[in-house]
Structure formats: structure tokens, C-alpha cells
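Engineer: Build me a model from this:
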Amino acid sequence: QAQLVESGGGLVQPGGSLRLSCAASELFLEYYAIAWFRQAPGKEREGVSCINSSDGGGEPTHFVDSVKGRFTISRDSAKNTVYLQMNSLNSEDTAVYYCAAGPICTHHSGNYYYEGQGTQVTVSS
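Structural biologist: Next comes the predicted model:
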């Protein structure tokens, strides 16, 4: 059964960095657009970043202006893993982060076929 597994979350001080990983089993991520979503307590889930499938050009995009210049999404096809490098973290980045696989990059989470269980990111001093 196809499965996405996120890892790399944790507690980090403001200004720090984390790298999230999205690994897959029974699924070749290069054939899918892979997006990162996040959901903070009391807030709606929001799309953060996405990278198109290799056939779709493999280009990254960010759905949230606040992460531009701080977050980088990348794909390692050999490891069948997508990463989200997060730098200059602040308290507003605190959330559960999910990765999802679908046909195209879109900020609508319902358009994705698969989603992981999430990893908690907490930015606090």
C-alpha cells in the first residue's frame, strides 16, 4: 500500500533551521507533484510549497509569501524523497507539516491522492 512518511520535525529556536523529509513506499515520487501543507492549532490547513513532477518540469513553487526566501523544496529521486529546507524559522511557522502527492501543484489539499501523517514543527525559545 502506498504510503508517505514525514520526518525531521522538532523543537527549534527562532531563527533556526530544520529540514523535513517526505519518503514514500510503493510510490515513485518523481511521477507526482509533491506538496507540503501545514496546520497550526486553531487554523485551517494551508499549502506551503510544492514541486512539480519530473514530467511536469520539476519546478518548485511556494503558496505562501512568508516562506519565500526562507524555505526550499527539493527532490532526490534516487532516495525517493522530497525535502523541505526551512531557514530563519519564526513562531508563525509552528504547525504540523504534511506532505502530499498528486497530479499537479495546487494549494487545495483535496486534489492530492496521498498524504502522510504529519510531523510537528515547534518554533520557540
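Engineer: who's in contact with the helix or strand bottoming out on mean pLDDT in the chain?
Structural biologist: Scoring the helices and strands of the chain by mean pLDDT, DSSP states H and E places strand 60-62 at the bottom, with a mean of 93. Residues from elsewhere that reach strand 60-62 (C-beta atoms under 8 Å, 6 or more residues apart in numbering): Val48, Ser49, Cys50, Ile51, Asn52, Lys68, Phe71, Thr72, Ile73, Ser74, Cys105. Heads up, the C-betas are built off the backbone N, CA and C, glycines and all.
Engineer: which residues sit in contact with the third one?
Structural biologist: By C-beta under 8 Å, 6+ apart, the contact set of Cys50 is Ala33, Ile34, Ala35, Trp36, Pro60, Thr61, His62, Phe63, Ile73, Cys105, Thr106, His107.
Engineer: and the residue positioned nearest the centre of the chain, what element?
Structural biologist: The centroid of the chain falls nearest to Trp36 when counting by C-alpha atoms, centre = their mean (2.5 Å). Using DSSP states H and E, Trp36 falls within strand 33-39.
Engineer: Show me what that strand is packed against.
Structural biologist: strand 18-25, strand 46-51, strand 71-76, strand 95-102 (3 or more C-beta pairs under 8 Å, 6 or more residues apart in numbering; DSSP states H and E).
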